[in-house]
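A.B. asks: What would the 3D arrangement of this be:
(chains A and B)
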Amino acid sequence: MLKINNLHASVEDKSILKGINLEINPGEVHAIMGPNGSGKSTLASVIAGKEDYEVTKGTILFEGEDIEELAAEDRAHKGIFLSFQYPVEIPGVSVTNFIKTAINESRKAKGLEDMPAKDMLKLIREKAELLEMDRKFLSRSLNEGFSGGEKKRNEIFQMAMLEPKLAILDETDSGLDIDALRIVANGVNKLKSKDNAVLVITHYQRLLDYIVPDFVHVLHNGKIVKSGTKELAHELEAKGYDWIKEEVNA
Amino acid sequence: MSKYTEDDLREELKTKEYEYGFYTDIESDTFPIGLNEDIVRAISLKKEEPQWMTDWRIESFRAWEKMVEPDWANVKYVKPDFQAISYYSAPNKKPKYNSLDEVDPELLATFAKLGISLDEQKKLSGVAMDVVVDSVSVATTFKKTLAEKGIIFCSISEAIKEHPELVKKYIGTVVPQKDNFYAALNSAVFSDGSFCYVPKGVKCPMELSTYFRINQAGTGQFERTLVIADKGSYVSYLEGCTAPSRDENQLHAAVVELIALDDAEIKYSTVQNWYPGNSEGKGGVYNFVTKRGLCEKNAKISWTQVETGSAVTWKYPSCVLKGDNSVGEFYSIAVTNNHQQADTGTKMVHLGKNTRSTIISKGISAGKSQNSYRGLVQVHARAKNARNFSQCDSLLMGNDCGAHTFPYIEAKNKTARIEHEATTSKIGEDQIFYCNQRGIDTEKAIALIVNGFSKEVLNKLPMEFAVEAQKLLEISLEGSVG
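C.D. replies: Residues are numbered from 1 along each chain as shown, chains lettered A, B, ... in the order given. Sure, this is the predicted structure:
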């Protein structure tokens, strides 16, 4: 599904990704771990198509297509979803109105008519329930005054609505208490299927207790320096990142 | 990867051209340029006005001659040469038409371009139209239905002839002839406009709507609107305007007076998208308008405006809360792009006890435009327990535009409670990327953000107007992107 080959990327001429190789197949859950500043969020943004980042070398193939020239919205239409580490506020635009617009824009891109209001409402209710979201929540302004947990739950709610092929969860566990973490993880797990894939980006191991990865990759200084199974995550949790750094530098 | 930055956004916003830039060639009956007492008399004569009206105009003209054009607003422009303007222009083919078939087909085509063909409008549920094209009303619909309720809705010229007692009693009572430079000018030379009277206890069953349009080259338009809601009555009035694209700056100096007698309510909504000039700041309408309403006991006046047009705007729809327990409201969205300049806001004058006022102002600036809110909340000595809440929010797009807020507060009664809130924000690349990532392109994202920002005001508009207003916001800003 996603094939990243020798990816180099920089922001404002500062080189951040220095040769990433990663392949994700349908049905798989991958986790990317690493210390602060290793390039985790940059990788997420580059895949999603954020304009500040410049790809200097390498390719990103999504379902066999090079997506480098595609605008962020076109990548979204193809089924790439990014759950933001810091979701932005859009005052005056309700959660419902926002997701309705997003869904219909994606449908438009596929040459489909707007989703009938009745179906939309039904879908929203269904997915809101999955994330244990209150009805009142849906009419609030997007992310305005939301707690950390509410913001992340809303991200996963949008993911549930949009049903992406590839979901990238960027530090979705940060700012979550244990109950919110469970709800969010539960939501992600219910959405998992053999046809879609999840890329979890996290600093800590705790989210991976809930969303169990098939593969764990350690990112350090813009490169994947170690890959393994979920056991690797436990090892990292126990020993910290320093031993990896030492191993790399050795 | 397509790289979209604020610079691109700014660049693209500049290229938005006026969609309604066309000119209709209807044979006109136009006065020679210039202004003096003879011209004022000639206007009055042409309109077959009674002597008292002629005298009133002359009096206004003499006052105007002694006045100086104000320059305290936060706008820069070349002052109009008042002797280079023709003060009267009327479509030639008269008299009024009984049906649309009789209306000049070119005029109908003009309306079609605006998307407001009379035909459609007639069918639109409950909207009566009084169309002003170059100063003279050419069609009035739904008059009969209104007449059954005793509601008078006609051109001001007609009202001067048919209902002189009402016009004489109320004209100039809210905006006196000498109120300000432009009001004095308007009082002297007003060409036409609308008149509405709702009798005691009558709730007007439909939204009353007027479309204004400036047409002939170099013809300033000076409408005069007078709305009177008698005791316990209710009326909702919609005013929409577009002007064709022209190179010379066109002057527009209207006066609107609202009178809400005891327990009456007037809701006055405006959508204004006059030609703002091109992306270099050439051309465009000068919009210098005086709008004011007077509230008697328990009365309520609401001004709602969506201003996207004009090169220079100078406009402060105000409420004089004379009666006890009266309420004044002002809801405004002002959009400026390219080189547009707007200095707009309101005055809430609290005279009576327990008077309340609310001000919600949303300014959106893009391009190289300057957008100013200027508001005065005045609580007089006998206005016990007066309350005001003001909220002024500004949204900036790009780095070359400006947003300014000038709130003035004068409280002479200790029991007054006045609150003022203000925010300034900028459409961020982060917000746009977030929308993009959800599959929403930049153009749509800006529309979404702007509509969200303006929601509190859009919600105050009557349904059919809200849709149009939303479209206008998109045309003014978002249509240029992507």
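
A.B. asks: Grab the most central residue of chain A for me.
C.D. replies: residue A:168 (1.9 Å; CA atoms, centre = their mean).

A.B. asks: wait, is that residue part of a strand?
C.D. replies: Yes - secondary structure of residue A:168 (DSSP: H, G, I helix; E, B strand; the rest coil): part of a strand.

A.B. asks: Go ahead and confirm it touches residue A:83.
C.D. replies: Yes - counting by CB atoms under 8 Å, residue A:168 touches residue A:83, with 6.8 Å between them. C-beta here means a position set from N, CA and C on the backbone, and glycine is covered the same way.

A.B. asks: pLDDT weak spots in chain A?
C.D. replies: Scanning chain A for pLDDT under 70 picks out the ranges A:250.

A.B. asks: Show me what from it comes close to chain B.
C.D. replies: Chain A has residues A:48-55, A:68-73, A:75-77, A:81-82, A:84, A:87-93, A:97-99, A:101-102, A:105-106, A:109, A:141-142, A:158, A:162 near chain B, with proximity defined as CB under 8 Å from any CB of the partner chain.

A.B. asks: Narrow those to just the buried residues.
C.D. replies: A:48-51, A:53, A:70-73, A:75-77, A:81-82, A:84, A:87-93, A:97-99, A:101-102, A:105-106, A:141-142, A:158, A:162 (16 or more other CB atoms under 10 Å in any protein chain shown).

A.B. asks: element containing the residue in chain A that chain B sits nearest to?
C.D. replies: Closest residue of chain A to chain B, CB to the nearest CB: residue A:92 (3.1 Å). Under the criterion of DSSP states H and E, residue A:92 resides in strand A:90-94.

A.B. asks: And that strand, what does it pack against?
C.D. replies: Secondary-structure packing of strand A:90-94 (3 or more CB pairs under 8 Å, 6 or more residues apart in numbering or on different chains; DSSP states H and E): strand A:141-142, helix B:429-437, helix B:442-458.

A.B. asks: quick check, the last one touching chain A?
C.D. replies: What that stands for is helix B:442-458. Yes - residues of helix B:442-458 are located near chain A by CB under 8 Å from any CB, namely B:442, B:444, B:448, B:449, B:451, B:452, B:453, B:454, B:455, B:456.

A.B. asks: Among the residues of chain A next to chain B, which ones are in helices?
C.D. replies: Judged by DSSP state H, the residues of chain A next to chain B include A:48, A:72-73, A:75-77, A:97-99, A:101-102, A:105-106, A:109, A:158, A:162 as members of helices.

A.B. asks: Identify the residues contacting residue B:62.
C.D. replies: Residues near residue B:62 by CB atoms under 8 Å, 6 or more residues apart in numbering or on different chains: residue B:37.

A.B. asks: you'd agree it is in a helix?
C.D. replies: Yes - under three-state DSSP, residue B:62 sits within a helix.

A.B. asks: Strands along chain A, start to end?
C.D. replies: A:2-11, A:14-24, A:29-33, A:53-62, A:65-66, A:80-83, A:90-94, A:141-142, A:166-170, A:197-202, A:215-220, A:223-228 (DSSP state E).

A.B. asks: What's the local residue count around the residue in chain B that chain A sits nearest to?
C.D. replies: Relative to chain A, the nearest point of chain B is residue B:452 (3.1 Å; CB to the nearest CB). Counted by other CB atoms under 10 Å in any protein chain shown, the residues lying close to residue B:452 total 22.

A.B. asks: Does it touch residue A:90 like I think?
C.D. replies: Yes - applying CB under 8 Å, one finds residue B:452 in contact with residue A:90, separated by 5.6 Å.

A.B. asks: Against residue B:324, how distant is the spatially closest residue to residue B:419 that is not a sequence neighbour?
C.D. replies: Nearest residue to residue B:419, sequence neighbours excluded (CB to CB, 6 or more residues apart in numbering or on different chains): residue B:389, at 4.8 Å. Plainly put, residue B:389 is 19 Å away from residue B:324 if you go by CB to CB, to the nearest Å.

A.B. asks: if you average pLDDT over stretch B:67-81, what comes out?
C.D. replies: Stretch B:67-81 shows a mean pLDDT of 85.

A.B. asks: Quick one: end-to-end distance for it.
C.D. replies: Using CA to CA, to the nearest Å, one end of stretch B:67-81 lies 15 Å from the other.

A.B. asks: Tell me the residues of chain B that contact chain A?
C.D. replies: Within reach of chain A by CB under 8 Å from any CB, chain B has these residues: B:1-5, B:425, B:428-431, B:433-442, B:444, B:448-449, B:451-456.

A.B. asks: Tell me where the model's unsure across chain B.
C.D. replies: Residue ranges of chain B with pLDDT under 70: B:1-29, B:90-144, B:210-220, B:241-249, B:464, B:475-476, B:478-482.

A.B. asks: what are the ranges of the helices in it?
C.D. replies: Under DSSP H, chain B gives helices at B:6-14, B:37-46, B:51-65, B:105-114, B:118-123, B:143-148, B:156-162, B:164-170, B:181-189, B:429-437, B:442-458, B:463-476.

A.B. asks: any chance of the helices and strands packed on strand A:90-94 in a markdown table, with distance to residue B:277 too?
C.D. replies: Formatted as a markdown table, those follow (distance: least, CB to CB, whole Å):
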| stretch | distance to residue B:277 |
| --- | --- |
| strand A:141-142 | 34 |
| helix B:429-437 | 27 |
| helix B:442-458 | 21 |
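
A.B. asks: Grab the most central residue of chain B for me.
C.D. replies: Closest-to-mean residue, chain B, CA atoms, centre = their mean: residue B:270 / 5.1 Å.

A.B. asks: Give the bridge partners for it, please.
C.D. replies: Here residue B:270 sits in beta bridges with residue B:239, residue B:305, going by DSSP bridges.

A.B. asks: need the contact list for the closest residue to residue B:381 other than its chain neighbours.
C.D. replies: Distance criterion CB to CB, 6+ apart; nearest residue to residue B:381, sequence neighbours excluded, is residue B:412 at 4.5 Å. By CB under 8 Å, 6+ apart, the contact list for residue B:412 reads B:379, B:380, B:381, B:383.

A.B. asks: next one: residue A:12
C.D. replies: Applying CB under 8 Å, 6+ apart, the residues near residue A:12 are residue A:52.

A.B. asks: where's it relative to residue A:53, distance?
C.D. replies: 10 Å.

A.B. asks: just residue B:355 next, same as before
C.D. replies: When residue B:355 is compared with residue A:53 (using CB to CB), they lie 56 Å apart.

A.B. asks: thinking again about what came up before, for the contacts of residue B:412, could you give me a markdown table that also reports distance to residue B:166 and neighbour count?
C.D. replies: What follows is those, written out as a markdown table (distance: CB to CB, whole Å; neighbours: other CB atoms under 10 Å in any protein chain shown):
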| residue | distance to residue B:166 | neighbour count |
| --- | --- | --- |
| B:379 | 32 | 28 |
| B:380 | 29 | 18 |
| B:381 | 33 | 10 |
| B:383 | 29 | 24 |
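
A.B. asks: So which of those are in strands?
C.D. replies: Per DSSP E, the contacts of residue B:412 map to strands at residue B:379.

A.B. asks: Pull the most distant pair out of the contacts of residue B:412.
C.D. replies: B:379 and B:381 (8.4 Å; CB to CB).

A.B. asks: hey, what's in contact with both of the two?
C.D. replies: Counting by CB under 8 Å, 6+ apart, the contacts common to residue B:379 and residue B:381 are B:412, B:413.

A.B. asks: ok, the closest residue to residue B:306 other than its chain neighbours to residue A:92 distance?
C.D. replies: Of all residues not flanking residue B:306 in the chain, residue B:469 sits nearest, at 4.3 Å (CB to CB, 6+ apart). In this view, residue B:469 and residue A:92 are 14 Å apart by CB to CB.
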